[in-house]
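Peer 1: Sequence plus predicted model, see below.
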Amino acid sequence: MSEFPSEVLDADGNIHYLQPNPLGQGGQGVVLRTRSPHIAVKLIGAMQIDASNQAPDPKRQEALRRRIEDVRTLPLSSLNLAQPLSILRDHVGYTMRLLNGMVPMRSLIAEPGEKKVGAFYQQTGGVGRRLNLLANTANLLARLHAVPLVYADISPNNVFISETIDANEVWLIDLDNLDYQSPSAPSVYTPSFGAPEVVTGKASVTTLSDCYSFAVLAFYVLAQVHPFIGDYVENGDWGDDDDVDREQLAFQGDVPWIEDPDDNSNWSENGIPRHLVLSPPVRDLFQRTFGAGRKDPTKRPSMAEWADVLRRSVDRIVSCADCGSTFDVVTANCPFCALSPSPLFIHMQVNRWDPELENTDASAVSTRAVWHKMIDATPDSVTEIRRHVVEPALADSEDPPVMRIGVLRSGITVEPLAGHEIHVARDGRLVKVTGKTKMPMPKQGHEVYLHFGKLNQPHRMAVLRYYESET
């Protein structure tokens, strides 16, 4: 028999029949699916609820009603947030809108005891999909923080992702803790994901505690191991003081993280080898969060910085044509494949272009690239290029696709989206691309040059170069 009720009644008189298996459990309760694929129910304090439908505490019910009304007034339009719909009559909780085909991000973390973690990792999208989903999550949180709103309870159960492996949409559920940043904000967290100052009760949740919780989630998803559950925490000697709870010490910030460069006492060999899934820029963000940021929240990178670095990491990912694994382009050869082939891709190098320098002794092209985007060069593949690649964009802003690049056996196609202005260099002049346009394969000596935006203003331009696979 389920420990949760089989049905609940909302304030509008609708009966919701609950599925017995929780979608997720967080710091305050549990989220359950209903028979409707678009509606979920959150029961607050669910572990103290029995299935006998006892009347809820009127004071808690009224406090929740006010909280839901407050959430509805927040500036949340255009954000992927599962909005609360109606409070429940017979339990402390509420209904929420839920997209069909979404699953918790915990589906990207192997279950304890999983013997084939590597196979699970690749079957669920590898490092490429994980970085993409985490970048989208960071962008969503950065946009909340820009308000500034605090999410409070970041966990693998509260971040929902596309169920299909070829989609990367992200939504946040469980919004009853969402609030403006203030000293009176509730100190809510999911065990093992809370920031140390929140776990110890020294501070309320803030945007910086959100950053810490996100980093724990990101490391767990990428490396398949908690960043603080290492040898010291797991392998306490029998001679240790019985009063010492090493796990609690870790969660309250009194133990080094498992990749600490100055203290390997809590190192762990569990999970995915970190050199395969953490690029140096991403590793640096973890070090700043779990190193100095463990004790000093102001040392933690912001969600906007996380979004920027993760976007850059996503755009450096290439695929192995043999085994399908994804990896950072600087690795050169597939680290997961016995044949270790090099990838097949088109390198899109983006620089700044200043038209005022075009007819002077100075170069109109910036000396340093501002972005690098790797494009799958497998025949019949199509890659969407997002706004952040072709124009300056804040990490906490919307990031829609602005063009598509398709790969043919005899060349490529370039297609502008959303009215974005693109010009291609052809026969010594720049020609505006007005629809899907075919071009030769950009091999060495025949590179494709694209300009984005108004030509009489400083803008970004890109050179596309094709790299053939070598075994």
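Peer 2: It's in.
Peer 1: burial measure for the residue nearest to residue 40 when sequence neighbours are not counted, as a count.
Peer 2: Distances taken as C-beta to C-beta, 6 or more residues apart in numbering place residue 98 nearest to residue 40, at 4.3 Å, with adjacent residues excluded. For every residue, glycine as well, the C-beta is placed using N, CA and C. By the criterion of other C-beta atoms under 10 Å, residue 98 has 22 neighbours.
Peer 1: ok, residue 98 to residue 16 distance?
Peer 2: Taking C-beta to C-beta, to the nearest Å as the measure, residue 98 falls 12 Å from residue 16.
Peer 1: Next: residue 150.
Peer 2: To residue 16, residue 150 is 29 Å away according to C-beta to C-beta.
Peer 1: So for residue 98 and residue 16, which residues contact both of them?
Peer 2: Any residue near both residue 98 and residue 16 by C-beta atoms under 8 Å, 6 or more residues apart in numbering counts here, and that gives residue 39.
Peer 1: Now the residue nearest the centre of the chain: closest residue in space, sequence neighbours ignored.
Peer 2: For the chain, the residue nearest the mean C-alpha position is residue 134 (1.5 Å; C-alpha atoms, centre = their mean). Spatially, and ignoring its direct neighbours in sequence, residue 134 is nearest to residue 218 (5.0 Å; C-beta to C-beta, 6+ apart).
Peer 1: What's the separation between that neighbour and residue 285?
Peer 2: Distance of residue 218 to residue 285, given as C-beta to C-beta: 8 Å.
Peer 1: of those two, who's got more company?
Peer 2: For residue 218 versus residue 285, neighbours defined as other C-beta under 10 Å are more numerous around residue 218 (27 against 23).
Peer 1: Helix, strand or coil: sort out the more buried one for me.
Peer 2: Per DSSP: H, G, I helix; E, B strand; the rest coil, the secondary structure class of residue 218 is helix.
Peer 1: That one: what's it in contact with?
Peer 2: Going by C-beta under 8 Å, 6+ apart, residue 218 touches 134, 138, 286, 306, 310.
Peer 1: Am I right that the third one is in a helix?
Peer 2: If I follow you right, that is residue 286. Yes - assessed by three-state DSSP, residue 286 belongs to a helix.
Peer 1: what about it, distance to residue 202?
Peer 2: Using C-beta to C-beta, residue 286 is found at 23 Å from residue 202.
Peer 1: cool, the second one as well?
Peer 2: Computed with C-beta to C-beta, the distance linking residue 138 and residue 202 is 25 Å.
Peer 1: again with the last one
Peer 2: Shown here: residue 310 relative to residue 202, a distance of 29 Å by C-beta to C-beta.
Peer 1: out of these two, which sits in the busier spot?
Peer 2: Counted by other C-beta under 10 Å, residue 310 and residue 202 do not tie: residue 310 has more neighbours, with 26 against 12.
Peer 1: any idea how far residue 289 is from that one?
Peer 2: 13 Å.
Peer 1: for residue 421, same thing?
Peer 2: To residue 289, residue 421 is 39 Å away according to C-beta to C-beta.
Peer 1: repeat for residue 102
Peer 2: Counting by C-beta to C-beta, the gap from residue 102 to residue 289 is 27 Å.
Peer 1: Adding pLDDT, distance to residue 89 and secondary structure as columns, could you present the contacts of residue 218 in CSV?
Peer 2: Below are the contacts of residue 218 laid out as CSV (pLDDT from 0 to 100; distance: C-beta to C-beta, whole Å; DSSP: H, G, I helix; E, B strand; the rest coil):
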residue, pLDDT, distance to residue 89, secondary structure
134, 98, 38, helix
138, 97, 38, helix
286, 98, 45, helix
306, 98, 40, helix
310, 97, 42, helix
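Peer 1: Just give me the longest strand of this protein.
Peer 2: If you go by DSSP state E, the chain has its longest strand at strand 15-25.
Peer 1: ok, then the element right after that one?
Peer 2: strand 29-34 (DSSP states H and E).
Peer 1: Please identify the buried residues of that following strand?
Peer 2: Across strand 29-34, burial judged by 16 or more other C-beta atoms under 10 Å covers 29-34.
Peer 1: what packs against that strand?
Peer 2: strand 15-25, strand 39-44, strand 93-97 (3 or more C-beta pairs under 8 Å, 6 or more residues apart in numbering; DSSP states H and E).
Peer 1: for those strands, which one sits closest to residue 342?
Peer 2: When those are compared by C-beta to C-beta, strand 15-25 sits nearest residue 342, at 40.3 Å.
Peer 1: Give me the contacts around that closest one.
Peer 2: Strand 15-25 has contacts (C-beta under 8 Å, 6+ apart) with 2, 4-10, 30-36, 39-41, 46, 95, 104, 106, 155-158, 173-174, 190.
Peer 1: next SSE after the lowest-mean-pLDDT helix or strand in the chain?
Peer 2: Here the helix or strand of the chain ranked lowest by mean pLDDT, DSSP states H and E is helix 58-73, holding a mean of 79. Beyond helix 58-73 in the direction of the C-terminus, DSSP H and E gives the next helix or strand as strand 84-87.
Peer 1: contacting residues around that following strand?
Peer 2: Taking contacts as C-beta under 8 Å, 6+ apart, the residues outside strand 84-87 that touch it are 10-12, 14, 39, 61, 64-65, 68, 71-72, 93-97, 175-176.
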